[in-house]
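Chemist: missing the sequence, but the structure's below:
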DNA sequence: ACAATGATTGCAACATTGTTGCATTTATCT
DNA sequence: AGATAAATGCAACAATGTTGCAATCATTGT
């Protein structure tokens, strides 16, 4: 977790009109440094001892960051939210990959634009959520 | 819940080498009668008083039915499994629609076959899970 | 620098969903 | 009908997430 990231995290939080607290900065910097989408539990474990947050506070920090669209939540079939930093603006619309071996979750770049499925009459489309399952390189 | 369905349910269970118990038959018949994918809770509530099952037993019945591929589980972002009868053989590979208004979940017929996303090198594809979110006819 | 203020945090308690172990009951087979 | 393995009910537990409230902290204006 570099100084660079801490600085970016601070800026992002300040620009969104939130109080710059150690917890928020630490969590966002951690997520910015992370390639995968990780769980509340994993975030807790990776935070340095110097800024251990209360479980509840961490949930609220994540909720706040997600509300400001600095991160996004990834749902999974194991009923656990995973969190990932939003690097790009269009980052809400993308697919996720979940390894059935190690439960690792990563974000895929593209989303199939084809819509060859059809909704029943009167139904209104809002958003699409696509998870590809398989084995990651280390689990193959 | 017709006699017809009860009979089909019994047959399906017997053909899969399971004991034909009131609980299994009732639950499967109920799911066969249902259009949507429904939760454990909803199943519990819709079961007639004459065959109220223990919470745990219902979970195990559902697990057994899913193991025999008579039904399938649908994961959702609200961390609640939903269950739906398998009518066709190819019914594992399909998309789901979830109404963001009433949380109703239905199964869509087709799955986009286009694979214009790409996995990182060394990753292996297994299956795809697609949920379309939007508003259903009554929530529009 | 300091006080005021509202946002943020920590704590305790709770809610929901699902699971495990084990003794009891039941469907099926002979 | 009796034997047997499968299925059930109960109690306890586990994991994840939420709510209410009092204490603390970052920011703002002076």
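Modeler: Looks like it came in fine. Everything quoted here is computed from the prediction, not taken from an experiment. Residues are numbered from 1 along each chain as shown, chains lettered A, B, ... in the order given.

Chemist: Would you confirm that residue A:134 belongs to a strand?
Modeler: Yes: in this structure, residue A:134 lies within a strand as judged by DSSP: H, G, I helix; E, B strand; the rest coil.

Chemist: what's the neighbour count on it?
Modeler: 18 (other CB atoms under 10 Å in any protein chain shown). From N, CA and C alone the C-beta is placed, and that goes for glycine too.

Chemist: which residue sits closest to the residue most central in space within chain A, ignoring its sequence neighbours?
Modeler: Against the mean C-alpha coordinate of chain A, by CA atoms, centre = their mean, the closest residue is residue A:84 at 2.0 Å. Nearest non-adjacent residue to residue A:84, counting by CB to CB, 6 or more residues apart in numbering or on different chains: residue A:37, 3.8 Å away.

Chemist: and residue A:6, what is it in contact with?
Modeler: A:25, A:26, A:29 (CB atoms under 8 Å, 6 or more residues apart in numbering or on different chains).

Chemist: For the helix or strand hosting the last one, name the packing helices and strands.
Modeler: Translated: residue A:29. Here residue A:29, judged by DSSP states H and E, is contained in helix A:22-33. With contacts defined as 3 or more CB pairs under 8 Å, 6 or more residues apart in numbering or on different chains; DSSP states H and E, helix A:22-33 has these neighbours: helix A:3-15, helix A:40-46, helix A:55-67, strand A:82-85.

Chemist: Most tightly packed of these?
Modeler: strand A:82-85 (a mean of 23; mean count of other CB atoms under 10 Å in any protein chain shown).

Chemist: roughly how far apart are the residue nearest to the centre of chain A and residue A:38?
Modeler: For residue A:84, the distance to residue A:38 equals 8 Å [CB to CB, to the nearest Å].

Chemist: swap in residue A:60?
Modeler: From residue A:60 over to residue A:38 (counting by CB to CB), the distance is 17 Å.

Chemist: quick revisit: turn the contacts of residue A:6 into CSV, including distance to residue A:75 and pLDDT.
Modeler: Listed next are those as CSV, based on distance: CB to CB, whole Å; pLDDT from 0 to 100:
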residue, distance to residue A:75, pLDDT
A:25, 26, 96
A:26, 24, 96
A:29, 24, 96
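
Chemist: And the residue of chain A most remote from its centre, how close does it get to DNA strand C?
Modeler: Here chain A reaches farthest from its C-alpha mean at residue A:121, the gap being 33.5 Å by CA atoms, centre = their mean. Applying CB to the nearest atom of the strand, to the nearest Å, the value for residue A:121 to DNA strand C is 30 Å.

Chemist: Now do the same for the closest residue to that residue other than its chain neighbours: its pLDDT.
Modeler: The shortest distance from residue A:121 to any non-neighbouring residue, by CB to CB, 6+ apart, is to residue B:137 (7.1 Å). Listed pLDDT for residue B:137 reads 93.

Chemist: OK, contacts around residue B:137?
Modeler: A:120, A:121, A:122, A:123.

Chemist: Buried only: go through the residues you listed for me.
Modeler: residue A:123 (16 or more other CB atoms under 10 Å in any protein chain shown).
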